[in-house]
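>>> Pasting the sequence and the predicted model now:
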Amino acid sequence: MRPQIKSVCFLTIAIFFLLIMATRLAAQYPQPGPERVFAIKAGKLVDPEKGTTETNQIIVVRGRKIEAVGANVTIPANAKVIDLTKSTVLPGLFDAHTHLCMTLKKDRDGNSYFITTLFDPTPFRAIEGVANARDMLAAGFTTVRDVGNAGNYADTALREAIERGLVPGPTMINAGRIIAPYGGQFHLQPEKRDLATPEYAFADTHDEMIKAIRENIHYGATVIKIVVDDQKYIYSAEDIRFMVEEAHRDGLKLAAHCWTRAGAHNAAEAGVDSIEHGQMMTNEDLQLAKKNHVVLVGTDFTESAAREDGFPDMHSVFVDRLKRAYQIGVTMAFGTDAFVYVPGETRGTLAVEYVDSWVEAGVPAKDTLRAMTINAARLLGVDAERGAIKPGLAADIIATPENPLDNIQTVRKVSFVMKDGNVFKND
Ligand SMILES: [Zn+2]
């Protein structure tokens, strides 16, 4: 009997602590009722689309949305005033290339996330996703596009938990299982063929491609992610076009991972919604991408990110391509691909440090900020709801000590975060 009594006691204590934690979390992150009103006094207010700054603006937020913006807006009597007169206020940032439900631990996994997927089951990865989502929000990222590597749809669970207000996090567009030619991004051995499942959906024929896209949509994916070229056999432009058409028919966009020149060329020719990485693209490929309205999500690895990820020589390749893509005028959205655990850092601090590469490539601050907001909002298809500080849009609002149009590095010091009308951070 004693062991049973013990376990009942333990269970009671565990439930007690869970309840306390749940109450505390709710206190930290209340969901606004329709009548909850804030008036944010902004010393400076940046419009990333126009690249302009207004001074002494008032933003009225009611419930989840922005109600009014301007210098002479009347503050409603019931509004809680938030004083950001010493800060610069701007729309929340976007990261168009995240893997929230995967964290590679180098001491255990080396540089291989194949190992990560063998050790970390989907439930653990969903919890990891909760922590990474919270940390992204704390760094100022209010919307992300999560491009797969989430086990068995941990990303769908995370997106739904955030949407229901169970946990704080950015608005998520999620890819579910990555669709790829046989083998995905791994190199399997014939006795253990299933080890890439469920991380990748292998699709080599057109029937398999349609099936993989529909399965993904059924299980909650809101964007389709394909890997074009991590095997010797790569998707042709015709294969990619076939998948783009199926995704678009179902109302989803398609993101294409391209690590080689040939793969990026095929994706640019097929007119994907976005090329991910694309560091080997020639100027002709970049011209082709521009002509076909392909957005480049360059994941421009900083020197330290490239080193941590095990390809230190690639940093300069990414910066060079970023420079050329900017000069050619390819539309770009900020995306990071941060997924390695680094002691002392969070997923958010690791992601925002990618602005270093943009500075190094000589991209002007106003264009970097556009890539981090409006360009990404359009790529993700959420620009009618978020990505700018305008009446009617979601109240996704952040503040920085300096004006990012003068010094883009100030986005690394986000001091205030409001997400859908909830104050998440106010240092
Ligand atoms: Zn990635």
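Right, received. Where do you want to start? Quantities reported herein were computed from a predicted structural model and do not represent experimental measurements. Residues are numbered from 1 along each chain as shown.
>>> In which helix or strand does G176 reside?
In this assignment (DSSP states H and E), G176 forms part of neither any helix nor any strand.
>>> Backbone dihedrals for it, both of them.
Torsion angles at G176 (phi, psi; degrees, to the nearest 10) stand at phi 60, psi -130.
>>> Could you find the closest non-adjacent residue to it?
Counting by Cβ to Cβ, 6 or more residues apart in numbering, A221 is the residue found nearest to G176 once chain neighbours are left out, at 3.3 Å. The C-beta positions use only the backbone N, C-alpha and C, and glycine is treated the same way.
>>> Model confidence at the one you found, what's the number?
As predicted, A221 sits at a pLDDT of 98.
>>> Kindly report the same for the one 4 residues further on.
According to the model's per-residue confidence, K225 sits at a pLDDT of 98.
>>> picking up where we left off before, residues touching the residue nearest to G176, list them.
156, 174-177, 252 (Cβ atoms under 8 Å, 6 or more residues apart in numbering).
>>> do Y341 as well
103-106.
>>> Present those residues as JSON lines; the columns should include pLDDT and neighbour count.
Formatted as JSON lines, those follow (pLDDT from 0 to 100; neighbours: other Cβ atoms under 10 Å):
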{"residue": "T103", "pLDDT": "98", "neighbour count": "21"}
{"residue": "L104", "pLDDT": "98", "neighbour count": "22"}
{"residue": "K105", "pLDDT": "97", "neighbour count": "14"}
{"residue": "K106", "pLDDT": "96", "neighbour count": "16"}
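>>> Let me know the closest of those to A325.
Distance to A325 across the contacts of Y341 (Cβ to Cβ) is lowest for L104, with 27.1 Å.
>>> roughly how far apart are L393 and D367?
In this view, L393 and D367 are 22 Å apart by Cβ to Cβ, to the nearest Å.
>>> Who has more neighbours out of those two?
Set L393 next to D367 and count neighbours by other Cβ atoms under 10 Å: L393 wins out with 21 against 16.
>>> Can you pick out the ones from the contacts of Y341 that are in helices?
K106 (DSSP state H).
>>> Redo the contacts of Y341 as TSV? Include distance to A361.
What follows is these, written out as TSV (distance: Cβ to Cβ, whole Å):
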residue	distance to A361
T103	27
L104	26
K105	30
K106	27
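>>> farthest-separated two in the contacts of Y341?
T103 and K106 (10.3 Å).
>>> Give me the residue at the spatial middle of the protein.
In the chain, the residue lying closest to the centroid (Cα atoms, centre = their mean) is V144, at 2.6 Å.
>>> Skip ahead from the strand or helix carrying it and say which helix or strand is next.
Per DSSP H and E, V144 falls inside strand 141-146. Reading on from strand 141-146 to the C-terminus, the next helix or strand found by DSSP H and E is helix 154-163.
>>> That next one packs against which elements?
helix 122-138, strand 141-146, strand 171-174 (3 or more Cβ pairs under 8 Å, 6 or more residues apart in numbering; DSSP states H and E).
>>> Strand partners (parallel or antiparallel) of the last one?
Strand 171-174 has its sheet partners listed here by DSSP bridges as strand 141-146 (parallel).
>>> So which bits of the strand it pairs with are buried?
Neighbour counts over strand 141-146 (16 or more other Cβ atoms under 10 Å) mark 141-146 as buried.
>>> try stretch 410-418
Quick answer for stretch 410-418 (16+ other Cβ under 10 Å): 410-412, 414-418.
>>> do stretch 361-371 as well
Under 16+ other Cβ under 10 Å, the buried positions of stretch 361-371 are 361, 363, 365-371.
>>> From the residues you listed, pick the one nearest I275.
Checking the buried residues of stretch 361-371 one by one against I275 (Cβ to Cβ), the nearest turns out to be A371, at 14.1 Å.
>>> For the residue nearest to that closest one when sequence neighbours are not counted, grab the count of nearby residues.
Closest residue in space to A371, ignoring its immediate chain neighbours: F334 at 4.4 Å, by Cβ to Cβ, 6+ apart. Close neighbours of F334, defined as other Cβ under 10 Å, add up to 28.
>>> and F334, what does it touch?
Counting by Cβ under 8 Å, 6+ apart, F334 touches 93-96, 297, 354, 358, 368, 371-372, 375-376.
>>> And what about it, helix, strand or coil?
coil (DSSP: H, G, I helix; E, B strand; the rest coil).
>>> Could you check how far it is from L379?
Where L379 is concerned, F334 sits at a distance of 10 Å (Cβ to Cβ).
>>> shared neighbours, the two?
Shared contacts of F334 and L379, defined by Cβ under 8 Å, 6+ apart, comprise 96, 297.
>>> on that earlier part again, could you save the contacts of F334 as CSV and add columns showing pLDDT?
Shown next, in CSV, are the contacts of F334 (pLDDT from 0 to 100):
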residue, pLDDT
L93, 99
F94, 99
D95, 99
A96, 99
V297, 99
Y354, 98
W358, 98
T368, 98
A371, 98
M372, 98
N375, 98
A376, 98
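>>> Now intersect these with the strands, please.
Members of the contacts of F334 lying in strands (criterion: DSSP state E): 93-96, 297.
>>> So which of those is the closest to P121?
Nearest to P121 among the ones in strands among the contacts of F334, with distances taken as Cβ to Cβ, is D95, at 25.2 Å.
>>> Neighbours of that closest one, how many?
Close neighbours of D95, defined as other Cβ under 10 Å, add up to 31.
>>> What segments of the stretch 201-350 of the chain are strands?
224-227, 254-258, 274-277, 295-297 (DSSP state E, counting those that start in this stretch).
>>> I'd like to know which of the ones you listed lies nearest to L286.
strand 295-297 (7.6 Å).
>>> Now find how far off-centre that closest one is within its chain.
13 Å (Cα atoms, centre = their mean, to the nearest Å).
>>> And that strand, what does it pack against?
Contact here means 3+ Cβ pairs under 8 Å, 6+ apart; on that basis strand 295-297 packs against strand 274-277, helix 374-380.
>>> E35: neighbour count?
Neighbours around E35, by other Cβ under 10 Å: 9.
>>> Apologies, that question was intended for E385.
14.
>>> which residues does it contact?
E385 touches 393-394, counting by Cβ under 8 Å, 6+ apart.
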